[in-house]
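1. the following comprises the amino acid sequence and a computationally predicted model.
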Amino acid sequence: MYQEVILDHYKNPHGHGLRAGDAEVHHVNPTCGDEITLRVRYDGERIADVSYEGQGCSISQASASVLNELLVDRELPEALEIQRTFLELMQSRGQITPDDAMEELLQDAVAFAGVSKYPARVKCALLSWMAWKDATAQALGDEATARGEQS
Amino acid sequence: MYQEVILDHYKNPHGHGLRAGDAEVHHVNPTCGDEITLRVRYDGERIADVSYEGQGCSISQASASVLNELLVDRELPEALEIQRTFLELMQSRGQITPDDAMEELLQDAVAFAGVSKYPARVKCALLSWMAWKDATAQALGDEATARGEQS
Amino acid sequence: MTEGHPVSDVSGLPGLLDTEAIRKDFPILDRTVHEGRPLVYLDNAASSQKPRQVLDALADYYERHHANVHRGVHVLAEEATALYEGARDKVAAFINAPSRDEVVFTKNASESLNLVANMLGLADEPYRVDSGTEIVITEMEHHSNIVPWQLLAQRTGAKLKWFGLTDEGRLDLSRIDEVITERTKIVSFVLVSNVLGTHNPVEAIVRRAQEVGALVLIDASQAAPHMPMDVQSLQADFVAFTGHKMCGPTGIGVLWGRQELLEDLPPFLGGGEMIETVTMSSSTYAPAPHKFEAGTPPIAQAVGLGAAVDYLTAIGMERIAAHERAITGYALERLSRVEGLRIIGPVTPEDRGATISFTLGDIHPHDVGQVLDEQGIAVRVGHHCARPVCLRYGIPATTRASFYLYSTPAEVDALADGLEYVRGFFG
Amino acid sequence: MTEGHPVSDVSGLPGLLDTEAIRKDFPILDRTVHEGRPLVYLDNAASSQKPRQVLDALADYYERHHANVHRGVHVLAEEATALYEGARDKVAAFINAPSRDEVVFTKNASESLNLVANMLGLADEPYRVDSGTEIVITEMEHHSNIVPWQLLAQRTGAKLKWFGLTDEGRLDLSRIDEVITERTKIVSFVLVSNVLGTHNPVEAIVRRAQEVGALVLIDASQAAPHMPMDVQSLQADFVAFTGHKMCGPTGIGVLWGRQELLEDLPPFLGGGEMIETVTMSSSTYAPAPHKFEAGTPPIAQAVGLGAAVDYLTAIGMERIAAHERAITGYALERLSRVEGLRIIGPVTPEDRGATISFTLGDIHPHDVGQVLDEQGIAVRVGHHCARPVCLRYGIPATTRASFYLYSTPAEVDALADGLEYVRGFFG
Ligand SMILES: Cc1ncc(COP(=O)(O)O)c(C=O)c1O
Ligand SMILES: Cc1ncc(COP(=O)(O)O)c(C=O)c1O
């Protein structure tokens, strides 16, 4: 489960720290105490920044770093597709082996495929992603997020 | 457990029915619903009568009949000794085999030795005996009964 | 026996299961008692026996997978959690629950029933039971569905009402609109009576309860083991049952409840995994079902119940019901021919389960039971934890024979013959 | 292994049990995980493993003796009752209870603790907890000894107070007279902490509680499995513990209570055998312990717990305690040599149990636990259902290793080596 890629992101996180944003959320995983404070800044529907600070295990930390790397500069619908695909992968209980298309879409995030076999850790990997979605809904309204979902 | 003697007492109970008395008690075995109403009449410390009425299984009915047969006309201390011996036999979980002395004292009541192996039925056999002791305490006062106990 | 229980008809009764094969699964049924008499176990309403498949699941759990569940990151903790939560999936499927999260594991049906009573006493409006409100039960309830409501009524000042019984052993619903009123908060009743065998009509009661906005709790302790259960078609709000009567281990019960209700209602016992977060001064609670499962749950027992559900499902609940109908019909007929025998409850097989209570002349049930036992026949005697039923019919107790998927016509014959012997013995 | 566990000293540690013989009793300890790695099970504070003797007792019960207990007149019902009540005798002897009737079987320690909290909320004076009265616990309690009191405080308006902790992981009793006052109705505290390992001083607390007439409840969940228990010398009013941590099955717990209290206090759950007599409008209750055992009890689980008590007693609780002292001393020393490792709780073996919590640099406990697991080493990570302890020491979670009678010095070595590997991995 601890892929090199994950350890790299853990040791050298991308975009770590809190910067200006349109909305801020604080999410906690009550079962293990992992916490994240996350801000999003939008430029229209383009993600201008995702900044964050938190404490938690390597999985939750690395996952936030990957999220930053993947989503910043994307348009919302595309970001939502990535989020959805990542969620699906994580909930697959190890049943999905990422194909080329998924690898292209998720990039470093495919390294988390192995985590999906550990139910106790799936929530760690999803913590920042849930926080991002929540912050986005606050920044742009539920509607934009829901619209993105259907696309 | 159903000795011939027990069945005889069940089918032809001694002294059944309620007659005049110095005290009356009503005892119930909540676990099986057996009930007895019992009266004692004393002539000094001599048991002039034990009359009773009730509903219940053959064991509780036969035991009341044996009690009547054994105790009527006895002096209290002797009756208490019989009661104590019967109690001991019933609580022996089948461990006591009555010897000659016990047989002489308990007469027909030794037939209940087998019942002591059945915890669920011991209370049935004791119902009338507990009622008698209670009625006696009411009629003569706790003190007489307690004095009898120590003898 | 793993698969395929061909229907046998050696006895000429339609719908019988292949009990010869089934009985091989139950090690205890080979036992003899009282110096070599084969055991005739007719005390299934009190508790059923357990098939090898369930015992194997228990042993395998303890020998290979045991750890405390939830929050563990090691292999055993993950395996134990998967097995425990997998049992929840199985039970949810067995009762056709819309969601697995609606299945709460308790220690027995009594805890399930008490849980609902206590939740309603502590709930906010519109569920709250307090003075000025009413609770409705029936006269044929098991003590476990009477005493919790008496306690709740005492503590809150609510009024306890009940449906009476007809001479035939059925619910008297003739005045249903007076019993269930606008003040009624909860109607709790037994689906199949553990004394009378009566299978109660759900629809009429649920309809009236819904009319007045009362919740409905169904005690399915004597139903879930014996017939297909579908909590959605029952349309109740809660359903309670118990593992040990349906081939499962002791120490496990189930409360099914509608999701919104389980979300809205307050927790009852506190501690362990039922929390979300705890500080010294306050706590928040995990979502249902965990909110209602305080402390280390009956893990192995849930796994065993899951195996029991698999076992019953493989045979088929419809087929088990048909088997019991056939056996019950035969038993009713055989017993009716025993002189002096009076059945307490419905005397024909319609709308009744495989439990038959009776009296035999004026021979006390304890004597009946004991003399049957000496012949190897295990029945239960007494008030069967439903004393008001005995009071209603003016008897101190009954003798009760109750059948299950492994019961045979030959066992019915043994019972009838045994009763003739009892009559002779005390005659 | 049936008898005689000669003390081995191959490792040079005094007081060790012959773990080679003992481990043969525990089938699961032969397991391998993650492709052939031998299991190093160090999660005993969460739940212990079960010896063959206990599994055999369970199987024998179900295969030969099962029936519902009490009130049955047939052979199986009598045997099951004798086994169930026999287990009560064994547990009573194990804790030196003055009377067997003081032993109440519950489903786990959490139910035992909730039972006391609920009884006191419903009790008459002088026991009644209501507004104006106080409840005292400590900051090192398991959630199961926090949440029930929070719920009780909310429902009754009583005030919840607690003893804080020193930096060394011990109770801060310096202001005991201000914490336990004339208004205190109940003091409930843990005998051995499941996070810190701290063994708390009973006498000082009991003395003060008795001075003000408060009841004392001791949570012995982490003590009963590991040391001789004597409820009389503890001088508490109630003692709670749980079967699955002491080689017994899941689904069984114990509440011991002083007889007069159990007689005086009201019942909590209603139904089944807890009654004396029931009519539709009111009931009277059976004497303790049955008053507190509603519904079909965890029969097989009690029998299994009885077998566990026999097993532990045959080895000897004194010797088990000595073994664990030796292992704990060795582990404290070995762990103190792992760079960056900080023990949360007492760092020397005095007055502590065989549970050691720690942090490792700033590597998150989840990562520590997971990488240990990959090496076959099972520890628990998180707040261990005692989140206030983590808050107190300013850490989100700990890694916890906990030992039992089958733990070996080699397993301690595996842990220490494993932690070095974890450091390298994330370093
Ligand atoms: C100190 C302590 N108290 C109470 C409990 C609760 O025990 P159970 O989960 O068996 O109810 C535990 C164990 O989890 C514990 O360690
Ligand atoms: C109708 C009914 N309800 C409730 C119960 C209680 O079940 P348990 O004793 O498993 O709690 C029983 C069984 O005894 C029952 O027959």
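-> In hand now; what should we look at? Note that the structure is a prediction, hence the values are computed from the model and not measured. Ligands and ions are numbered 1, 2, ... in the order given.
2. so where's the chain shaky on pLDDT?
-> Because you didn't say which chain, this covers chain A. A:146-151 (pLDDT under 70).
3. wait, I meant chain C there
-> Residue ranges of chain C with pLDDT under 70: C:1-11.
4. show me where the chain has helices.
-> Since you didn't name a chain, this refers to chain A. Per DSSP state H, chain A carries helices over the ranges A:4-11, A:58-71, A:76-90, A:100-106, A:119-140, A:142-150.
5. my bad, chain C
-> Assigned by DSSP H, the helices in chain C fall at C:19-24, C:52-60, C:75-94, C:109-122, C:147-156, C:176-179, C:202-212, C:231-234, C:259-264, C:299-315, C:317-336, C:365-374, C:387-392, C:409-426.
6. same list (the helices of chain A) but as JSON lines, adding mean neighbour count and distance to chain D.
-> In short, each C-beta sits where N, CA and C put it, glycine included. What follows is these, written out as JSON lines (neighbours: other Cβ atoms under 10 Å in any protein chain shown; distance: least, Cβ to the nearest Cβ, whole Å):
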{"stretch": "helix A:4-11", "mean neighbour count": "17", "distance to chain D": "7"}
{"stretch": "helix A:58-71", "mean neighbour count": "25", "distance to chain D": "5"}
{"stretch": "helix A:76-90", "mean neighbour count": "19", "distance to chain D": "16"}
{"stretch": "helix A:100-106", "mean neighbour count": "13", "distance to chain D": "22"}
{"stretch": "helix A:119-140", "mean neighbour count": "22", "distance to chain D": "7"}
{"stretch": "helix A:142-150", "mean neighbour count": "13", "distance to chain D": "30"}
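7. quick one, which of the ones you listed is nearest to C:Phe163?
-> Taking Cβ to Cβ, helix A:119-140 is the member of the helices of chain A nearest to C:Phe163, at 46.3 Å.
8. off-centre distance for stretch C:194-208?
-> Put simply, stretch C:194-208 sits 14 Å off its chain's centre (Cα atoms, centre = their mean, to the nearest Å).
9. adding distance to chain B and mean neighbour count, write the helices of chain C out as JSON lines.
-> Output for the helices of chain C, formatted as JSON lines (distance: least, Cβ to the nearest Cβ, whole Å; neighbours: other Cβ atoms under 10 Å in any protein chain shown):
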{"stretch": "helix C:19-24", "distance to chain B": "28", "mean neighbour count": "18"}
{"stretch": "helix C:52-60", "distance to chain B": "27", "mean neighbour count": "19"}
{"stretch": "helix C:75-94", "distance to chain B": "33", "mean neighbour count": "20"}
{"stretch": "helix C:109-122", "distance to chain B": "18", "mean neighbour count": "26"}
{"stretch": "helix C:147-156", "distance to chain B": "14", "mean neighbour count": "22"}
{"stretch": "helix C:176-179", "distance to chain B": "28", "mean neighbour count": "14"}
{"stretch": "helix C:202-212", "distance to chain B": "30", "mean neighbour count": "16"}
{"stretch": "helix C:231-234", "distance to chain B": "34", "mean neighbour count": "16"}
{"stretch": "helix C:259-264", "distance to chain B": "36", "mean neighbour count": "16"}
{"stretch": "helix C:299-315", "distance to chain B": "27", "mean neighbour count": "25"}
{"stretch": "helix C:317-336", "distance to chain B": "21", "mean neighbour count": "20"}
{"stretch": "helix C:365-374", "distance to chain B": "4", "mean neighbour count": "25"}
{"stretch": "helix C:387-392", "distance to chain B": "7", "mean neighbour count": "22"}
{"stretch": "helix C:409-426", "distance to chain B": "7", "mean neighbour count": "18"}
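10. hmm, back to that, make TSV from the helices of chain A and add distance to ligand 1 to it.
-> Below are the helices of chain A laid out as TSV (distance: least, Cβ to the nearest ligand atom, whole Å):
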stretch	distance to ligand 1
helix A:4-11	31
helix A:58-71	25
helix A:76-90	29
helix A:100-106	39
helix A:119-140	17
helix A:142-150	40
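11. what's near enough to touch the closest residue in space to C:Gly72 that isn't next to it in sequence?
-> Leaving aside its sequence neighbours, C:Gly72 sits nearest to D:Arg380 (Cβ to Cβ, 6 or more residues apart in numbering or on different chains; 6.2 Å). D:Arg380 sits next to C:68, C:71-72, C:74, C:77, D:43, D:45-46, D:369, D:399-400, D:402 when contact means Cβ atoms under 8 Å, 6 or more residues apart in numbering or on different chains.
12. check the residues you listed for burial and list the buried ones.
-> Buried members of the contacts of D:Arg380, counted by 16 or more other Cβ atoms under 10 Å in any protein chain shown: C:68, C:71-72, C:74, C:77, D:43, D:45-46, D:369, D:399-400, D:402.
13. am I right that C:Ala236 is in contact with C:Asn200?
-> No. The pair C:Ala236 and C:Asn200 fails to qualify as a contact (Cβ atoms under 8 Å) at a distance of 11.9 Å.
14. how close does A:Gly141 sit to chain B?
-> Noted for A:Gly141: a distance of 67 Å to chain B, by Cβ to the nearest Cβ, to the nearest Å.
15. I meant to write A:Ala64 there.
-> Applying Cβ to the nearest Cβ, the value for A:Ala64 to chain B is 65 Å.
16. just confirm that residue contacts A:Leu126, I think it does.
-> No. Under the criterion of Cβ under 8 Å, A:Ala64 is not in contact with A:Leu126, lying 10.7 Å apart.
17. and chain C, what are its domains?
-> C:19-30+C:317-426, C:55-313 (automatic domain parsing).
18. does any part of the longest one sit near ligand 2?
-> The reference is to domain C:55-313. Yes. Counting by Cβ under 6 Å from any ligand atom, ligand 2 has neighbours in domain C:55-313: C:108-110, C:142, C:144-145, C:190, C:194, C:219, C:221-222, C:242, C:253.
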